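K.L.:
starting from these lines, generate the structure:
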Amino acid sequence: MIVDVHENDSAMKSELVAALYATPGTIFIGTVTVAAVMAASALLTGDLTFHVMAGAMVAIGLFRYLSHRHYKGIHLGSASESQIGTLENLAMAGAWSTAALISGFGCYAILRYPYEPVAALAIAQTIGYLAGISGRNSSRPVITRVQVLAAATPFTLALLWTRDPAYLVIGLSVLLTTVLTFSSAQVIHEIFLARLRTMRELEHLAVNDTITSLYNRRGFMREIRHMAASGLPVTLISIDIDRFKSINDSLGHDIGDALLQGFSETLIAELGVGDIAARTGGDEFMVATPRDAEGASALAARLVMMLASQRVIGGRHITATASMGIAPAGCAASIDEALKCVDIALYRAKLDGRNRFVMYTDAIRDEHEDGVALETELRDAIRRGEFELHFQPIYNPRSGTATMAEALLRWRHPRRGMVSPDIFIPLAERTGLITVLGSWVLGEAIRTALSWPRSVGVSVNVSARQFDHGHDIVGVVEALLRMSGIEPQRLTIEITESSLIDDPDHVVSRLVALRELGVRIALDDFGTGYSSLSYLAHLPIDTIKIDQAFTQEIGTSRKADSLMNAIAQLAHDLKLRLIIEGVETQEQLTVIEKHAVHGIQGYIFARPMTADDLLPMIGNRVATGRMGSARSRSGSRKPGRYSQVA
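P.N.:
Predicted coordinates:
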């Protein structure tokens, strides 16, 4: 990124003027030295002129000191053009008057006392001054050139006027020095500008993002601290692009960068006076605004809607949503604490499903802190073995026998009691601990199934995170099958559509590998997603399980009954087993048994139970509707069997 530097822009003028006043110490020492030399000359000769010159030098020094005091009293960043011009004129007047006085001192001493010690003092002083000019006032070459001409021209003429061979040599040397200094002044000025340009570029890069041109984190922190210091209320909005990494990885960094630029343009367009925007991370943006909570919520609502609009980038139609957290002004005692609050709110927005904003509250903070504590306890629970498996049998409606049992993970917390899977499973997925838990569940479920009749299999739910590239689920299952000796077809792996969101090709390849081991694959929660029918055509599955949310509608809705009939016919045509979950009432059971289903699971037969409770009843039969009819006709039905098992 190139930062334009022009001598006429206000920022550049401020920098140039600052350079003119950058060495007050050097000017003070030089003034004292010249005045002392002039005073010494007066003592050596008793000449009143030297006394006058020494006094004039002191006066010029005082003038330059007062000029510097005036400069220090002006803030260059907000100075007007006339103020900057006055500072330049004062610096020029001080520099040129000094040059003229020193030149006059040298000329007078040479012409009046050509062969006395005072002439040597004057020559040394004047040449030393000329030598010092070449490296000073590089921000304004005109000052250097006028200084050189004012000091060197009369002095050189005085040397030549004496016609003394030694003075002639000195005069020619001074003349050469003058020519070189005069010609190099512009070169030195260009070097100064190049250095200044580099410094300004580095300063710009230090506080600005190169892709979006917004502030970066450092610049944003500087600005919001200025806002807080000035007494303005500071409401923070943290914005995170949902699943940006998958877009960046799959479509390329060019597309990702263009998406970031598009987000920043949308963001800027929605901001008002006093709002500050920044890109603080790879896919993270921040906004600081003096608005109150209601105004910030209205802004966030617009941003959620605007940022989710479809964009055409590189010929591709891309839709990316954003999650946002809001920390209202006054929610914390400091900016650093407010940043923690806005991170908590953003985290909650992601947990709640993304593509939304969440306002920080004390209740959300308490829930977050409890979640952090629970994460630590979850790690300890794995180490201490606080997890256990419960099993819910799945019955064949024709025979009434259990053909399979679904393994359900439970956490018996020593202080909290039984922790709901709805709480700890998402937590385990977010932290990556699900791979450890999932492997344990597979091993424990297989070990337990070995104690059942060989006709009864076990079904295990597998998380999407267990299909990550860093976790070899196929290797885990293969090793467990080999060590246990269980028949592979007795193990069913249950997956949901969420497993296929991030990397469907990789997941399908893992499922194919599992099928090749002989393991069965079931698509769980069928009927609740958006793409289940297309998955039936492409996934290597053996079984579909109707979600209990759909089951609850059966028997109460004609549409649900018709859909159930269609799903059953579809499963039959595709040669897939069909299992119905969540069957709780006799009415639901009666309707379901009219269809060709292979398994029924629900509270009507059995609730989830421990392995020890399941083992005695795993071989028992339940009284399904079909069995009940058959037994009624034969007169052989045993009373109490259904209630005993259920």
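K.L.:
center of the chain, which residue is that?
P.N.:
Nearest to the geometric centre of the chain sits residue 281, at 2.7 Å (CA atoms, centre = their mean).
K.L.:
helices and strands around the longest strand along the chain, which ones?
P.N.:
Assignment by DSSP state E gives strand 402-413 as the longest strand of the chain. For strand 402-413, the packing partners by 3 or more CB pairs under 8 Å, 6 or more residues apart in numbering; DSSP states H and E come out as helix 362-384, strand 387-395, strand 417-419, helix 421-431, helix 434-449, strand 457-461. For the C-beta atoms, the positions are set from N, CA and C on the backbone; glycine is no exception.
K.L.:
and the longest one, how far from the chain's centre?
P.N.:
When distances are taken as CA atoms, centre = their mean, to the nearest Å, helix 362-384 is centred 24 Å away from the chain's centroid.
K.L.:
what's the mean pLDDT across that helix?
P.N.:
Averaged over helix 362-384, pLDDT sits at 93.
K.L.:
give me the helices and strands touching that helix, please.
P.N.:
Packing partners of helix 362-384 (3+ CB pairs under 8 Å, 6+ apart): helix 335-351, strand 402-413, helix 421-431, helix 434-449.
K.L.:
so which bits of the second one are buried?
P.N.:
If you call a residue buried by 16 or more other CB atoms under 10 Å, then strand 402-413 has these buried ones: 402-411.
K.L.:
ok, the third one next?
P.N.:
Of the residues in helix 421-431, those scored as buried under the neighbour-count criterion (16+ other CB under 10 Å) are 424-425, 427-429.
K.L.:
picking that back up, would you point out the most distant pair within the buried residues of strand 402-413?
P.N.:
403 and 411 (27.9 Å; CB to CB).
K.L.:
on that earlier part again, closest one of the buried residues of strand 402-413 to residue 179?
P.N.:
Nearest to residue 179 out of the buried residues of strand 402-413 is residue 411 (CB to CB; 89.1 Å).
K.L.:
now do the contacts for the closest one.
P.N.:
Contact analysis of residue 411 by CB atoms under 8 Å, 6 or more residues apart in numbering lists 378, 381, 386-387, 418-419, 421, 424.
K.L.:
what does the domain assignment say about the chain?
P.N.:
Domain segmentation of the chain under automatic domain parsing yields 10-207, 217-360, 385-645.
K.L.:
now for the helices and strands packed on helix 362-384, which one comes closest to residue 483?
P.N.:
Nearest of the helices and strands packed on helix 362-384 (CB to CB): helix 434-449, 8.4 Å.
K.L.:
state the mean pLDDT of the closest one.
P.N.:
Rounded mean pLDDT across helix 434-449 is 96.
K.L.:
low pLDDT regions in the stretch 151-300 of the chain?
P.N.:
184-186, 188-189 (pLDDT under 70).
K.L.:
can I get the helices and strands packed on helix 362-384 in TSV including distance to residue 112?
P.N.:
Output for the helices and strands packed on helix 362-384, formatted as TSV (distance: least, CB to CB, whole Å):
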stretch	distance to residue 112
helix 335-351	70
strand 402-413	104
helix 421-431	92
helix 434-449	97
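K.L.:
quick one, which of those is nearest to residue 607?
P.N.:
strand 402-413 (10.3 Å).
K.L.:
dump that closest one to CSV, restricted to CA.
P.N.:
This file holds the C-alpha atoms of strand 402-413, laid out as CSV (Å, rounded to 0.1, in the frame of the first residue of the first chain):
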residue,chain,number,x,y,z
ALA,A,402,-35.7,-57.0,19.9
THR,A,403,-33.5,-56.9,16.9
MET,A,404,-31.3,-54.0,18.0
ALA,A,405,-30.6,-51.6,20.9
GLU,A,406,-29.5,-48.1,20.5
ALA,A,407,-26.6,-47.0,22.7
LEU,A,408,-27.2,-43.7,24.5
LEU,A,409,-24.5,-41.8,26.3
ARG,A,410,-25.2,-40.6,29.8
TRP,A,411,-23.1,-38.4,32.2
ARG,A,412,-23.5,-39.1,35.9
HIS,A,413,-22.0,-35.9,37.4
